[in-house]
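> below: sequence and its predicted model.
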Amino acid sequence: MHYGPLLGTPGVELRRHGTTLYNSLYRADDQMLVNAHVWGVNAYGAPVWHLRRNGAGGMFDTYAASFDAVWETARPVER
C-alpha cells in the first residue's frame, strides 16, 4: 500500500513475502537502516541502526544475508 506508487519506477522492484521478521531493512549499496521491531512500540518509536559495510563478516553482512534469503523466497508485486 505505501510503496505501490513506486511500481513501474526504473530500478525499483517490490516483492511480498510471508516470513515473520523482527526488523525492517532499508538498503542502498553499502549502507543500511535497520529498524528493530519492539513489542508494543510503533516502528517510529523503535531503535534504528545505521550500518555501513566495514569489511567482510560484520553486522552489515549479517543483515544483508538475511535480507537476501527472504528476497529469494518473495514474490514480485505486480500492478
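Done, it's in. Source: prediction; values computed, not measured.
> quick one, phi/psi of Ser24?
Taking degrees, to the nearest 10, you get phi -110, psi 140 for the backbone angles of Ser24.
> Glu13: what's it in contact with?
By CB atoms under 8 Å, 6 or more residues apart in numbering, the residues touching Glu13 are Pro76. Placement of C-beta: from N, CA and C, glycine included.
> quickly find the element holding it.
Glu13 belongs to no helix or strand when elements are defined using DSSP states H and E.
> how far away is it from His37?
Applying CB to CB, to the nearest Å, the value for Glu13 to His37 is 23 Å.
> now the strands for this structure?
Under the criterion DSSP state E, strands of the chain are mapped to 15-16, 23-28, 31-36, 48-52, 75-76.
> and the residue nearest the centre of the chain?
Centroid-nearest residue in the chain, with CA atoms, centre = their mean: Leu25, separated by 2.5 Å.
> is it true that that residue touches Gln31?
No - with contact defined as CB atoms under 8 Å, Leu25 does not count as touching Gln31 (11.2 Å).
> report the buried residues of stretch 28-40.
Buried residues in stretch 28-40, counting neighbours by 16 or more other CB atoms under 10 Å, are found at 32, 34.
> report the buried residues of stretch 44-54.
In stretch 44-54, the ones that count as buried by 16+ other CB under 10 Å are Leu51.
> what's it in contact with?
Contact with stretch 44-54 is made by 30-38, 59-61, 63-64, as judged by CB under 8 Å, 6+ apart.
> low-scoring pLDDT stretches of the protein, where are they?
For the chain, the stretches with pLDDT under 70 are 1.
> one more time with 50, if that's ok
Applying pLDDT under 50 to the chain flags no residue at all.
> so which of the contacts of stretch 44-54 comes closest to Thr19?
Nearest to Thr19 among the contacts of stretch 44-54 is His37, at 12.7 Å by CB to CB.
> next one: the closest one from Asp61, what distance?
Distance, His37 to Asp61, using CB to CB: 21 Å.
> also Leu6?
According to CB to CB, Leu6 stands 26 Å off from Asp61.
> likewise for Met32?
As judged by CB to CB, Met32 and Asp61 stand 10 Å apart.
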